[in-house]
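Novice: okay, predicted coordinates and the sequence, questions at the end:
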Amino acid sequence: MELDCLFCKIVHRQLATPLIDEDDQVIVFNDIHPQAPIHLLIVPKIHIASLLELPKKSYLMTHLSQCAIQQAQKNGIDSKGFRLVINCGPEGGQTISHLHVHLMGGRPMLWPPG
């Protein structure tokens, strides 16, 4: 656990955040600044600062993807489509240095993102 990491604090229940789902590897909760009707964050329980560190834990990408698909199905957005986003680094839009996947859906997703 990184002591100053917001997501580590949520994982370790130091911050009260309603969880949507949880298993032995990830937690899922609503984004506090949703960009779509469904906007969930899927966060590994272990601290990985960014996507650049993921090769050390490559099994986790498969698990994050499977979790995203399950959440899309539970939220009824699997048949119409959804977007998965992983921001990497400050210029990539990553504001919290803890790997996480954004699952967004429930509306048409435009490109460029909007």
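Specialist: In hand now; what should we look at? Residues are numbered from 1 along each chain as shown.

Novice: make it CA atoms for all contacts and neighbour counts henceforth
Specialist: Will do.

Novice: and the lengthiest strand in the chain, how far out from the chain middle?
Specialist: Counting residues, the longest strand in the chain under DSSP state E turns out to be strand 38-44. With Cα atoms, centre = their mean, to the nearest Å as the basis, strand 38-44 stands 3 Å off its chain's centre.

Novice: can you point out the buried residues in it?
Specialist: I38, H39, L40, L41, I42, V43, P44 (16 or more other Cα atoms under 10 Å).

Novice: just list what the very next helix or strand once past it packs against, helices and strands only.
Specialist: Next in sequence after strand 38-44, counting helices and strands by DSSP states H and E, comes helix 59-74. In terms of contacts (3 or more Cα pairs under 8 Å, 6 or more residues apart in numbering; DSSP states H and E), helix 59-74 is packed against strand 38-44, strand 101-105.

Novice: dump those strands to TSV, plus distance to L6 and mean pLDDT.
Specialist: Output for these, formatted as TSV (distance: least, Cα to Cα, whole Å; pLDDT from 0 to 100):
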stretch	distance to L6	mean pLDDT
strand 38-44	11	98
strand 101-105	15	98
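
Novice: low-confidence ranges in the chain?
Specialist: 113-114 (pLDDT under 70).

Novice: which among the helices and strands packed on helix 59-74 is found nearest to N75?
Specialist: N75 lies closest, by Cα to Cα, to one member of the helices and strands packed on helix 59-74: strand 38-44, at 7.6 Å.

Novice: how big is the angle separating that closest one from helix 59-74?
Specialist: If you take axes from the mean of the first three to the mean of the last three Cα atoms, to 10 degrees, strand 38-44 sits at 150 degrees to helix 59-74.

Novice: what helices and strands are in contact with strand 38-44?
Specialist: strand 26-30, helix 59-74, strand 101-105.

Novice: show residues contacting the second one.
Specialist: The reference is to helix 59-74. The contact list for helix 59-74 (Cα atoms under 8 Å, 6 or more residues apart in numbering) reads V26, I42, P44, L54, D78, F82, L84, V101, L103.
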